[in-house]
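Participant: Could you look at this predicted model? Sequence included:
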Amino acid sequence: MINKALYLREMRKSLKLLVIFLAVITMYVTIIIEMYDPQTMQMMENFYEMMPDLMASVGMTPGSSSLIGFMISYLYGFILLIFPVVYCILRGNGLVAKYVDSGAMAVLVAAPVSRRKIICTQLAVLLSGIFIMIIYSTALEMLTCVISFPGELAFSQLLRLNLALLCLQLFVGGICFLASCLFSDAKYSIGFGAGIPALMYIIQMLANVGGKAEKAKYFTFFTLFDAGGIIEKTSGAYAGAALLFVGAAALYAAGCVIFCRKDLCL
Amino acid sequence: MDTIEIRNLTKDYGNGKGIFDVSFTVKKGEVFGFLGPNGAGKTTTIRHLMGFIKSRSGECMINGLDCFMEREKIQKILGYIPGEISFFDDMTGTEFLSFAARYRGMTDTEKQKDLLERFELDTKGRIRKMSKGMKQKLGIVTAFMHDPDILLLDEPTSGLDPLMQNRFIELVAQEKAKGKTILLSSHIFEEVERTCDRIGIIKNGKIMTVDSVETLRKRHMRTYTVTLDSSEKAKKFAKDFSGIAEGVKVTLSSMQSLEDIFLDYYGGDGNDK
């Protein structure tokens, strides 16, 4: 299904990016988890009971008093969303459209290796990177919590949460991959591959502000990743994650089919 | 069955760009010169043969296999030099050649070494830093290293110095002697003259003529008959101007060089309108 020589070459290229991103994730995840203090959280909860309206208005709801709630508020809103997304954008574009644009794709197609095999290899490289990031983050979160706050974190909750995060990142990867297969011009590939996720994230930020802007959440796929809902096991949150996963599969399939059929002007 | 068969191949890119109703064949063991001005459709035709693009209508086949649908089978026995060479810039020449061999599943790198020596190519540097000529040499090595039966060469000597161009012509002649089928697009008349059996000339996406080098020359021969006062004078005249004397008449012919013939076809309304 994949060409080993090509996979190894591309993974070597991914590695440089992954090392940097994993280092940044390591720094943020450990520092933020260390900042969690159950006593402060208990105090916050007491405050909330005394004056619920005032506390809610500044976004401090008791949901975030547990360790997992704290992590959702401070890690799953930005760090663990953005870094994998940036990886998907860079590699998604670099694996296909960049080679077609520069003409280096000629090296790959002018050999007895089918386009299907080429595109499956490139897809495997993209997916490997996403999996490495999410698995590494999960292991790191577990380790940090075990060391600093033994017994505070339910692993099953974290695993469910990161599985949903994986679905989200696979979906973002799908957008970048499809854009990369669709356009022969790196300019458009990166424009759509980076533009759509960035726009969606901005809409998500807008929706977070609340009020009338909350309706904006219907226009962004980030809404389908409902971290709180996953912890509470709501069916809506599960359906959202499933939808992201199915969408991702469809995007990857479409990208592969397009690449196999398209005209390559090399 | 001809090795390369192109029948009524059409790919219209609009604005008169593209190729229209292109037909020609290349027999096994033949070297076919493919000539035409810039933008005439040489590369587009070769892209079809490589299975990079689908034709709008018509068909192109190599060894009886459809070039787009069965490209993997064809690629096993095909060598290709692209018109515009672009490799993985981040690799060194050595890394690239070893990657290309592994990617193809090639085990025998003997021919690769021979080619590197023949073209005096130093592969230590990064491809990004290589000159046009060095990249071209690397392209030649990649196209010939797996000893393919069929070679599609799109302006293979561009960027090479005259010495290396000569070595390339020698290489083509050797491969031809081994019975390889070669399609060579070129701008260099000497290269075509020395290597090609037949020539196809394309202009504005249409094939103008396909003929052997000799026939092309003959067709463009101009003949004059001069009448002189006496057969005596006629004989002398014929000797001086290498004509043929017949009584008082002398027949003279001027042989156009291949270059002039090409310029005849190249000229007129250009491609760049």
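Facilitator: Yep, that arrived.
Participant: Contact partners for the residue in chain B that chain A sits nearest to?
Facilitator: Closest contact between chain B and chain A, by Cβ to the nearest Cβ, is at B:Ser86 (3.4 Å). Yep, even glycine has a C-beta here, placed from its N, CA and C like the rest. Contact analysis of B:Ser86 by Cβ atoms under 8 Å, 6 or more residues apart in numbering or on different chains lists A:Ser102, A:Gly103, A:Ala104, A:Ala106.
Participant: How about B:Ser230?
Facilitator: So B:Ser230 contacts B:Val248 (Cβ under 8 Å, 6+ apart).
Participant: All the helices of the stretch 51-200 of chain A, in order from the start?
Facilitator: A:52-57, A:67-74, A:79-95, A:97-102, A:105-109, A:115-148, A:155-182, A:186-209 (DSSP state H, counting those that start in this stretch).
Participant: weakest of those in terms of mean pLDDT?
Facilitator: Among the helices of the stretch 51-200 of chain A, helix A:52-57 has the lowest mean pLDDT, at a mean of 59.
Participant: Give the closest residue to the residue nearest to the spatial centre of chain B in space, chain neighbours not counted.
Facilitator: Computing the C-alpha centroid of chain B and ranking residues by Cα atoms, centre = their mean puts B:Leu184 first, at 2.0 Å. Distances taken as Cβ to Cβ, 6 or more residues apart in numbering or on different chains place B:Leu153 nearest to B:Leu184, at 4.7 Å, with adjacent residues excluded.
Participant: Does chain B have contacts with stretch A:243-256?
Facilitator: No - using Cβ under 8 Å from any Cβ of the partner chain, we find that stretch A:243-256 stays clear of chain B, coming within 15.8 Å at best.
Participant: Per-residue pLDDT of the residue in the stretch 51-200 of chain A that chain B sits nearest to, please?
Facilitator: Of all residues in the stretch 51-200 of chain A, the one sitting closest to chain B is A:Gly103 (3.4 Å; Cβ to the nearest Cβ). At A:Gly103, the predicted lDDT confidence score is 93.
Participant: Relative to A:Met43, how far out is the spatially most distant residue from the centre of chain A?
Facilitator: When each C-alpha in chain A is compared with the mean C-alpha position (Cα atoms, centre = their mean), A:Met50 comes out farthest, at 37.9 Å. Plainly put, A:Met50 is 11 Å away from A:Met43 if you go by Cβ to Cβ, to the nearest Å.
Participant: doesn't B:Ser23 fall inside a strand?
Facilitator: Yes - counting by DSSP: H, G, I helix; E, B strand; the rest coil, B:Ser23 is located in a strand.
Participant: The residue lying closest to it once chain neighbours are set aside: what secondary structure?
Facilitator: Closest residue in space to B:Ser23, ignoring its immediate chain neighbours: B:Arg7 at 5.2 Å, by Cβ to Cβ, 6+ apart. Counting by three-state DSSP, the backbone at B:Arg7 sits in strand.
Participant: Is B:Arg7 in contact with B:Ser55, as I believe?
Facilitator: No - with contact defined as Cβ atoms under 8 Å, B:Arg7 does not reach B:Ser55; the gap is 9.9 Å.
Participant: what about residue 216, how many residues close to it?
Facilitator: If you meant another chain, say so; for now it's chain A. Per other Cβ atoms under 10 Å in any protein chain shown, the neighbour tally for A:Ala216 reads 17.
Participant: Actually, chain B is the one I wanted.
Facilitator: 19.
Participant: quick one: which of B:Arg7 and B:Ser55 has more around it?
Facilitator: B:Ser55 (22 against 15).
Participant: list the contacts for the most centrally placed residue in chain A?
Facilitator: What sits nearest the mean C-alpha location of chain A, by Cα atoms, centre = their mean, is A:Gln169, with 2.9 Å. Residues counted as contacts of A:Gln169 (Cβ under 8 Å, 6+ apart) are A:Pro84, A:Val85, A:Cys88, A:Ile130, A:Met133, A:Ile134.
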